[in-house]
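1. Let's see this in three dimensions:
(chains A and B)
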Amino acid sequence: MSINRRDFLKLSGAGIAIGAFPGLAFASSEIVKKKGQRVVIVGGGFGGATAAKYIRTWSNNKIEVVLVERNAKFISCPMSNTVLGGTRTIDDLTQSYDTLKKKYGIKLIHGEVTAIDTEKQAVMLANGHLKYDRLIVAPGVDFMFDQIEGLTADVTNESIPHAWKAGAQTVMLRKQLESMPDGGVFALSIPKAPYRCPPGPYERACQVASYLKNSKPKSKVLILDANPDITSKKGLFMAAWKDLYPGMIEYRANAAVSKVDVAGKIAKTEFEDVKADVLNIIPPMKAGVVASMAGVVSADKRWCEVDFLSYESKVHKNVHVIGDAVAAALPKSGHMATSQAKVCAAAIIELMQGKVPDQAPTIVNTCYSMVSDREAMHVANVFRFNAEKQAMVSAEGGGVSAARSEIEGTLAGYWLKNIMDDVLM
Amino acid sequence: MIKHLVVAVGLLLPMVGAHAEVNKHARSLAASCAACHGTNGKSQGGMPVLAGLDKALFVTQMKDFKSGARPATVMHQHAKGYTDEEFELMGSYFASLKR
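-> The predicted structure is shown next:
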C-alpha cells in the first residue's frame, strides 16, 4: 500500500510472517494496482483458467481478471495415463498460458499464495498482495499424506510417485515402468472416494497393462482399492481387463493402504504386505490448501460447500469455489470443473452488476477412459440445479458406453483437443 | 435472497433474454457443450461444429438423439437430460453464432 511499509517489510523479511497474520494484508505492496472491478482467481487448472477466460469474454473485458498460478505451463491431468501407456508424452498435454494473457487480457501472476484475508479482500503472495472484489478459489486437490504412514510429499517426488497431478511424477512413473524387470509387479493403491477422477485409477491399470503386455508380458498389475468395489464404469473395466489383459490384472477390494515401507517398496494393508517393483500410491485427497487459507473448507474438513447458482462459498461472501475442491454429488473431473467455472463466471458478472444470476444452471460432464492404445469408453451425464434440494442432481438418461470402441478412442483424443482449446485458447 | 427469487426469476428468464442482446440462460446451456464441440461451438476437430448450425436442424437432431432415431456414442445420453425447450434455446444460440 505504501512504499515505506513495503520497504520495511522487505528489509525485515516479513514475507513469511504475513502468512501467519493475514490481518496484515495491506501492509505489503499491491502487486497489480486494482482500478476497476476485479476478480482474482487462484489456480489455473481446468476450472480456474476457464473462469478467467469466460469472465473476460462475457463481461466484454469490463471486469479485470488476475489469475494466480504456481506452474509455468498448463498440463492436462485428463489423458495423462496415456503417458504411462506410451501413446502420448507429457509435452502433448502441456500448453502455455500466453493466449489467455494476450487474447483475453488476463493478468497472469506466477507465484504461491501464502494467505488470504477475506475481510480485507486480499490475496497474499511472497512479493505483495492482490485486492479483489470477488475471489475464485480453484485449487484442485491436495493429498492427505498423514493418512498413510511413511508417505510424504518428498517421498512421492523422489521414489513413490502418486502421479495424480500430471507432470514430473507422471514422467517418473513411466520411467520406473521402463526400468521394471519382466515378471515384476506394479502395485496401484486407490483411495476411498471421493477423489479426483473416479475412473482414473482403473484407466491407469489398463494403460500400465497395455505397456506391460507389449514390453514385459510376464509382469503383473495389482490393484489395492480402498473402496468396496470398482467406483466407476465397473462392467466396462472388468470386461477390458478380462478381454485385453487376461491374467495380468488382479483386483482387491477393501484394501486400503495404511503404511508404506519406502526403501522396500512395500505397501501395507490391514490384511497383507504387498511388495512391488513399481509402487504407485494415490493418497486420499482434500480441497487444495488455498481453500483452507480462504477458510472455505466446510464439509468433512475436506471439501467446500457452495451455492450452486454462483459457486459462492457457504462460509464467506465474495469467495467462490470451483472444481475438485467443491463438495457436491458431481464428479471431480476436468470437464466438470470447466462447466462449474462457466456457471460461476456468468453469475459473478451478474452479481457485480447487482443483478440476479441464472436460476436454472444445467451442465454436462463427459469423461473418456482409454483402456488400450486405441480403445476408450465414456461416462456422460447432464446435471441440473434442484431448487428444493439446493443441489445439482443428475438428469435422466446419463450413463456409460455400451462397449469400449476404437471410435470412442478417437473421439477421446478430440475431446482433449477441444477442451484444451476451450480452456486456454 | 437468491433462494426467495428462484420461482419468480425462473419464469421471467426467457423475457429477460428477449430484451438483452443474448439470452444468457441459453448461452450458459450451450457453454457446457464446448468441452467436445469447442468454444462457442467452433469445434477444433472430431466433433461437429455447432456454430451457425440451422436451428431447426439442431433441434431435430437433438430430438432424434433423445428418441434413439439417430444412434450415437454419447449424444443419446446427453439429449435425454435436456427438455425440448432447452433444445430450442441452445438451437437459437448456436444459430446466432458465426461459423
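
2. can stretch A:226-240 be found next to chain B?
-> No: if you take C-beta under 8 Å from any C-beta of the partner chain as the test, stretch A:226-240 misses chain B, and the best it gets is 13.1 Å. Just so you know, the C-beta spots here come from the backbone N, C-alpha and C atoms, and that holds for glycine as well.

3. just the helices in chain B please.
-> Secondary structure of chain B, counting by DSSP state H: helices at B:2-19, B:24-31, B:34-37, B:55-67, B:75-80, B:84-95.

4. Of the ones you listed, which shows the lowest average pLDDT?
-> Per-segment confidence across the helices of chain B bottoms out at helix B:2-19, which has a mean of 45 in mean pLDDT.

5. Quick check, central residue of chain B?
-> Geometric centre of chain B, nearest residue: residue B:90, 2.3 Å, by C-alpha atoms, centre = their mean.

6. if I read this right, it contacts residue B:31, doesn't it?
-> No: contact between residue B:90 and residue B:31 fails when scored by C-beta atoms under 8 Å: they sit 9.9 Å apart.

7. can you give me the strands in the stretch 201-350 of chain A?
-> Secondary structure of the stretch 201-350 of chain A, counting by DSSP state E, counting those that start in this stretch: strands at A:220-225, A:249-252, A:259-261, A:266-268, A:273-275, A:278-281, A:285-287, A:306-307, A:312-313, A:319-321.

8. quick one, which of those is packed in tightest?
-> Looking across the strands of the stretch 201-350 of chain A with neighbours counted as mean count of other C-beta atoms under 10 Å in any protein chain shown, the highest average goes to strand A:319-321: a mean of 30.

9. and residue A:35, backbone torsions?
-> For residue A:35, the backbone dihedrals are phi -110, psi -70 (criterion: degrees, to the nearest 10).

10. now do the one 4 residues further on
-> Listed backbone geometry of residue A:39 is phi -110, psi 130, with angles given as degrees, to the nearest 10.

11. Now for it: which residues touch it?
-> With contacts taken as C-beta atoms under 8 Å, 6 or more residues apart in numbering or on different chains, residue A:39 has the following neighbours: A:51, A:55, A:63, A:64, A:65, A:66, A:132, A:133, A:134, A:135, A:136, A:348.

12. Out of the residues you listed, who's the most crowded?
-> For the contacts of residue A:39, neighbours were counted by other C-beta atoms under 10 Å in any protein chain shown; the highest total belongs to residue A:51, with 33 neighbours.

13. buried sites along the top strand by length along chain A?
-> Among the segments of chain A that qualify as a strand by DSSP state E, the longest is strand A:376-386. Along strand A:376-386, these residues count as buried under the neighbour rule (16 or more other C-beta atoms under 10 Å in any protein chain shown): A:376, A:377, A:378, A:379, A:380, A:381, A:382, A:383, A:384, A:385.

14. next one: stretch B:47-61
-> The neighbour-count criterion (16+ other C-beta under 10 Å) identifies B:47, B:49, B:50, B:51, B:53, B:55, B:58, B:59, B:61 as the buried residues of stretch B:47-61.

15. what's the closest of those residues to chain A?
-> Proximity of the buried residues of stretch B:47-61 to chain A was ranked by C-beta to the nearest C-beta; the top entry is residue B:47 with 5.9 Å.

16. right, and the closest one touches residue A:414 too?
-> Yes: with the criterion set as C-beta under 8 Å, residue B:47 and residue A:414 qualify as a contacting pair; they are 5.9 Å apart.

17. any common contacting residues for these two?
-> Both residue B:47 and residue A:414 are in contact with residue B:36, where contact means C-beta under 8 Å, 6+ apart.

18. Please work out the residue of the stretch 1-150 of chain A nearest to chain B and name it.
-> In the stretch 1-150 of chain A, the residue that lies nearest chain B is residue A:54 (7.3 Å; C-beta to the nearest C-beta).

19. what's the helix or strand for that residue?
-> Secondary-structure element containing residue A:54, defined by DSSP states H and E: helix A:46-58.

20. any residues touching that helix, and which ones?
-> Looking at what lies outside helix A:46-58 - C-beta under 8 Å, 6+ apart - the contacts are A:39, A:41-42, A:44, A:63, A:65, A:67, A:69, A:74, A:76, A:97, A:100, A:104-106, A:136, A:138, A:140, A:322-324, A:334-335, A:337-338, A:340-342, A:344-346, A:348-349, A:419, A:422-424, B:27, B:31.

21. Direction included, what does the helix or strand that that helix is followed by pair up with?
-> Moving toward the C-terminus from helix A:46-58, the next helix or strand (DSSP H and E) is strand A:64-69. Neighbouring strands of strand A:64-69 in its sheet, by DSSP bridges, are strand A:38-42 (parallel), strand A:107-110 (parallel).

22. Which stretch among those is buried most, on average?
-> Neighbour counts (mean count of other C-beta under 10 Å) averaged over each of the strands paired with strand A:64-69 peak at strand A:38-42, with a mean of 27.

23. got the contact list for residue 43?
-> All of this is about chain A. Shown here is residue A:43, whose contacts under the criterion C-beta under 8 Å, 6+ apart are A:68, A:69, A:137, A:138, A:139, A:140, A:288, A:290, A:323.

24. think we crossed wires, I meant chain B
-> Contacts for residue B:43 (C-beta under 8 Å, 6+ apart) come out as A:414, A:418, B:36, B:37, B:49, B:50.
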